[in-house]
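Q: Got a predicted structure plus its sequence, pasted below:
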Amino acid sequence: MIVPFGDLKRQYARIGAELDAALHRSVASGWYILGSEVQAFEQEFAAYCGADHCIAVASGFDALYLALAGLGIGHGDEVITVANACVYQVAAILQTGATPVLVDVDPTCHNLDPERLEAAITPRTRAIMPVHLYGRLAPMTAINAIAARHNLAVVEDAAQAHGAWAATAEGTPRRAGSWGVCACFSFYPSKNLGALGDGGALVTNDAALAEQLRRLRFYGWGSKYVATEAGGRNSRLDELQAAVLRVKLRYLDQWNALRRERAAWYADLLSDAPLELPPDAPGHIYHLYVIASDRRNALRDHLVAAGIGCDVHYPMPVHLQPAYAHLGYRAGALPVTERQAERILSLPLFPELTRAEVDQVAAALRSGGQQQ
Ligand SMILES: *Cc1c(COP(=O)(O)O)cnc(C)c1O
């Protein structure tokens, strides 16, 4: 039996009738850009995240860029981020004209290591962009405390963390999107909340920033045909995609719970296997289930030979990518990031994955783990 890494056809099989109705309603309305569906989705998603404002845009990448541009970050500024999430943050920072400064991650949760943050701050630092990688919140209490001490903006990359949460120091649970000055989401189809194409959003409690972001996503227009901001773009979420996302948002908590259930199955089945399993946290929503092993490549080959889809998120840290050699980081500069890139392996994990499939993946990993 083949076990796919992901399978969005199964999701469509479950909620297809609702999606079809939403699509039809949107097509028949005759209004396709920035209309009632986008407006309703923005309200619903802001409320879901625990934020006052949501600005829907064309992609998660645009959200990252617009967040920085909206905060006025550009030439001469530095933004601190991590190097283990492909190139999204670094490319967005460079597009503003600012300089990315990379810090290492912690070896078990793969998120920005607050212990290393303060040393990376300089008089030019303007913002910190932590990533809630794999669906687990970065250590936001510690990051926010350091940011407050140095008067820096925190922009969450929440593209893998729709509905993920953690407790504040006072014990109040808060979702991704309610920790930084603003947060960026992607609705790429395979994310926990995915459109039928590209989409993204920013959420914020800052009304002035929200207004600025609305202008920047729409040519810099302050009112119709009147540009009050230079450097605006065209970055809008389609009405069709907003209609789809409104349907799917109603399922998000249920889907995240199903992901957590499957993660618990893996944890149970693999508890005595010679593998590092992702440490659980109550608010972890397992966008990806990522294990680690010194024998990663052999395990990956073994799973592929057994018909099991798997992947590596991500195999090459940003500072070692050919396009970013000019940033000046050498191999060895971020030892944890570099070591983990060679050890991590993402297993199939999605809400419709069956118990039999999880059993099969675990059995294959156990037999692969025995071969030396
Ligand atoms: C997917 C993703 C992005 C980019 O989102 P797009 O919608 O594909 O532009 C950015 N950051 C992270 C962490 C992501 O996983």
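A: Received the coordinates, thanks.
Q: Do I have it right that residue 134 meets residue 313?
A: Yes: taking contacts as Cβ atoms under 8 Å, residue 134 lies within contact range of residue 313: 7.4 Å. (Glycine included, C-beta is placed from N, CA and C.)
Q: Pick out whichever of the two has more residues nearby.
A: Taking neighbours as other Cβ atoms under 10 Å, residue 134 and residue 313 compare with residue 134 leading, 24 against 18.
Q: what are the ranges of the helices in this protein?
A: Per DSSP state H, the chain carries helices over the ranges 8-29, 36-49, 60-70, 88-96, 117-120, 140-150, 207-216, 239-249, 252-269, 296-305, 335-341, 355-370.
Q: still on that earlier bit, identify the contacts common to residue 134 and residue 313.
A: Counting by Cβ atoms under 8 Å, 6 or more residues apart in numbering, the residues touching both residue 134 and residue 313 are 288, 290.
Q: Show the contacting residues for residue 307.
A: The contact partners of residue 307, taken as Cβ under 8 Å, 6+ apart, are 1, 2, 3.
Q: pretty sure the last one is in contact with residue 361, am I right?
A: So the one you mean is residue 3. Yes: if you go by Cβ under 8 Å, residue 3 and residue 361 touch, sitting 5.8 Å apart.
Q: Point out where the chain drops to low pLDDT.
A: 369-372 (pLDDT under 70).
Q: Give me the domain ranges for it.
A: Using automatic domain parsing, the domain ranges for the chain come out as 8-103+111-249, 252-370.
Q: Out of the ones you listed, which is closest to the ligand?
A: domain 8-103+111-249 (2.4 Å; Cβ to the nearest ligand atom).
Q: start to end distance for the closest one?
A: Start to finish, the residues bounding domain 8-103+111-249 are 16 Å apart (Cα to Cα, to the nearest Å).
Q: Let me know which of the domains of the chain is tucked in deepest.
A: Stretch with highest mean neighbour count among those: domain 8-103+111-249 (a mean of 20; mean count of other Cβ atoms under 10 Å).
Q: any idea how far that domain is from the chain center?
A: Here domain 8-103+111-249 shows a centroid-to-chain-centroid distance of 9 Å under the convention Cα atoms, centre = their mean, to the nearest Å.
Q: what do you get for stretch 354-372?
A: With Cα atoms, centre = their mean, you get 28 Å for stretch 354-372.
Q: Touching that stretch from outside, list them.
A: Contacts of stretch 354-372 (Cβ under 8 Å, 6+ apart): 1, 3, 262, 265-266, 269-270, 273-275, 291, 293, 295, 298-299, 302-303, 306, 308, 347-348.
Q: From residue 158, how far off is residue 281?
A: From residue 281 across to residue 158, the span is 15 Å (Cβ to Cβ, to the nearest Å).
Q: err, residue 198, not the other one
A: Using Cβ to Cβ, one obtains 17 Å as the distance from residue 198 to residue 158.
Q: ok, now residue 361?
A: Separation of residue 361 from residue 158 (Cβ to Cβ): 27 Å.
Q: Can you name the residues of the protein sitting close to the ligand?
A: Residues of the chain that fall close to the ligand, judged by Cβ under 6 Å from any ligand atom: 59-61, 85, 88, 131, 157, 159-160, 186, 188, 198, 200.
Q: Check those and tell me the two furthest apart.
A: Spatial extent of the residues of the chain next to the ligand (Cβ to Cβ) is set by the pair 131 and 198 at 19.1 Å.
Q: ok, the nearest residue to residue 192 once chain neighbours are set aside - contacts?
A: Of all residues not flanking residue 192 in the chain, residue 162 sits nearest, at 4.6 Å (Cβ to Cβ, 6 or more residues apart in numbering). Applying Cβ under 8 Å, 6+ apart, we find residue 162 in contact with 176, 185, 191, 192, 193, 252, 256, 285.
Q: residue ranges of the strands in the stretch 51-200 of the chain, please?
A: 53-57, 78-82, 99-103, 125-129, 153-157, 165-167, 173-175, 182-186, 200-204 (DSSP state E, counting those that start in this stretch).
Q: Show me what the last one is in contact with.
A: Applying Cβ under 8 Å, 6+ apart, the contact partners of strand 200-204 are 42, 45-46, 49, 51-63, 66-67, 70, 159, 177-178, 181-187, 210, 213, 235, 237.
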